[in-house]
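[1] requesting a structural model of the entry that follows:
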Amino acid sequence: MAVKVYIDGQEGTTGLKILERFEGRKDIEILKIDEDKRKDINERKRLINSSDFTFLCLPDDAAREAVSLVENSNVRIIDASTAHRTNSAWAYGFPELSKEHRENIKNSKRVAVPGCYASGFIALVYPLIKAGLLQQHYPVFAYATSGYSGGGRKMIEKYEANDRPKEMDSPMQYALELNHKHLPEMQMISGLAYKPMFNPMICDYYSGMTVSIPIQSRLLHRVVDIHDFWNVYEKHYRGQNFVKVKKLAGEGELKGGFLPSNYLSGSNKMEIYVFGNNEQILLCACLDNLGKGASGAAVQCLNIMMGIDETTGLL
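    The predicted model follows:
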């Protein structure tokens, strides 16, 4: 029997990608809202409470409003907004982080899908904190490149316009006030004592991202080498379907010396790289900001909550 799924905000970038990932699935019945009623709160309320699962692909305030509309105690919510990611009453939707995270997703009625940048950042930092390789007080700095689709429909339209400004031909740094909206979850979920410094860049390609974290070995609390970092990741993500740890540079990976940010576009995969030497180590996570960083992660959480193969409908 098919489960009933409603996507509140199905006309946005993430909502459309979720719909695309549901194509051909016989185990899901999509509840669609009429175009002229998509802002009708009573119609949204009716569909939310008629569903088994509701995805929230909305701005934060609208997502909180949608949750307040739930009256059917059997409805399970998967929120792709920032609104509930640091709320302890919600499961954090990154099953590869630990068995506990996976179980919480499976059993919860409220799941918050991680942010795109946060997914790459947390995938790199969480295992190191858990293993004791990186101390909680380490001054973490991260930078990232992302395709322009991460800015949503308006940003896509700007980048794809024929008369766009010349500066959009180059990478553009933003969130220069150092208050990017993903920072709270990056700090809390990773287990850091202090807010990391984060420098994101939007670039002239559609989708895909790389999150990078440089590590200075002399600042660590014990002597380590580059293999220690790789070993932590290999053990932590061993056997996972979507998060893979690549071989160290020089051992068969990254031929040519370049790491593109868009090569996982369209997939739900994430790849972890460890570069550098024993003095300076560069950690990189590559993923699709619309895949493992948004719609793909949301569908993966749904599959886990349904109790089916988590790879269903995902590449």
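[2] which helix in the protein runs the most residues?
    helix 116-131 (DSSP state H).
[3] show the subsequent helix or strand relative to that one.
    strand 141-147 (DSSP states H and E).
[4] now the angle from that following strand to helix 116-131?
    On the basis of axes from the mean of the first three to the mean of the last three C-alpha atoms, to 10 degrees, strand 141-147 is oriented at 150 degrees to helix 116-131.
[5] just how off-centre is strand 141-147 within its chain?
    Computed by C-alpha atoms, centre = their mean, to the nearest Å, the chain-centroid distance of strand 141-147 equals 13 Å.
[6] quick one: the helices in the stretch 51-200 of the chain?
    In the stretch 51-200 of the chain, the helices defined using DSSP state H, counting those that start in this stretch lie at 60-68, 99-107, 116-131, 152-159, 183-190.
[7] check those helices for me and report the most buried one.
    Across the helices of the stretch 51-200 of the chain, averaging neighbours per residue (mean count of other C-beta atoms under 10 Å) puts helix 116-131 on top, at a mean of 25. (Glycine included, C-beta is placed from N, CA and C.)
[8] helices and strands around that helix, which ones?
    Using 3 or more C-beta pairs under 8 Å, 6 or more residues apart in numbering; DSSP states H and E, the elements in contact with helix 116-131 are strand 141-147, helix 183-190, strand 197-203, strand 209-216, helix 226-236, strand 270-276, strand 280-287.
[9] so the fifth one versus strand 270-276, what angle?
    Interaxial angle, helix 226-236 versus strand 270-276 (the same axes, to 10 degrees): 170 degrees.
[10] mean confidence for helix 226-236?
    The average pLDDT within helix 226-236 is 97.
[11] helix or strand right after it?
    Using DSSP H and E, the helix or strand that follows helix 226-236 towards the C-terminus is strand 243-245.
[12] quick one: strands adjacent to that next one?
    Partners of strand 243-245 in the sheet, by DSSP bridges, are strand 270-276 (parallel).
[13] what sits up against the strand it pairs with?
    119-120, 123-124, 215, 226, 229-230, 233, 237, 242-246, 248-249, 253-254, 259, 264, 281-287, 292 (C-beta atoms under 8 Å, 6 or more residues apart in numbering).
[14] quick one: the helix or strand in which Lys45 is found to helix 60-68, angle?
    For Lys45, the host element (DSSP H and E) is helix 41-50. For helix 41-50 against helix 60-68, the angle by the same axes, to 10 degrees is 60 degrees.
[15] elements contacting helix 41-50?
    Looks like helix 41-50 contacts strand 3-8, helix 60-68 (3+ C-beta pairs under 8 Å, 6+ apart).
[16] in CSV: the ones you listed, plus distance to Lys195 and mean pLDDT.
    Formatted as CSV, the helices and strands packed on helix 41-50 follow (distance: least, C-beta to C-beta, whole Å; pLDDT from 0 to 100):
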stretch, distance to Lys195, mean pLDDT
strand 3-8, 31, 98
helix 60-68, 19, 97
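[17] for Ile308, which of these is the nearest?
    strand 3-8 (10.0 Å; C-beta to C-beta).
[18] hang on, the earlier thing: residues in contact with the helix holding Lys45?
    Against helix 41-50 from outside (C-beta under 8 Å, 6+ apart): 4, 6, 8, 31, 33-34, 37-38, 54, 65-66, 69-72, 75.
[19] can you give me the neighbour number for Lys26?
    Look at Lys26: counted by other C-beta atoms under 10 Å, it has 6 neighbours.
[20] my guess is it meets Ile308, correct?
    No. Lys26 lies out of contact with Ile308 (C-beta atoms under 8 Å); the separation is 12.0 Å.
[21] the helix holding Lys45 vs strand 3-8, what angle?
    Interaxial angle, helix 41-50 versus strand 3-8 (the same axes, to 10 degrees): 150 degrees.
[22] what about helix 41-50, average pLDDT?
    In the prediction, helix 41-50 has an average pLDDT of 97.
[23] run the chain-centre distance for that helix.
    27 Å.
[24] just the pLDDT for Asn277.
    For Asn277, the predicted pLDDT is 93.
[25] now do the contacts for the closest residue to it other than its chain neighbours.
    Setting aside the residues directly before and after it, Asn277 is nearest to Ile226 in space (C-beta to C-beta, 6 or more residues apart in numbering), at 6.3 Å. Going by C-beta under 8 Å, 6+ apart, Ile226 touches 248, 274, 276-278, 281.
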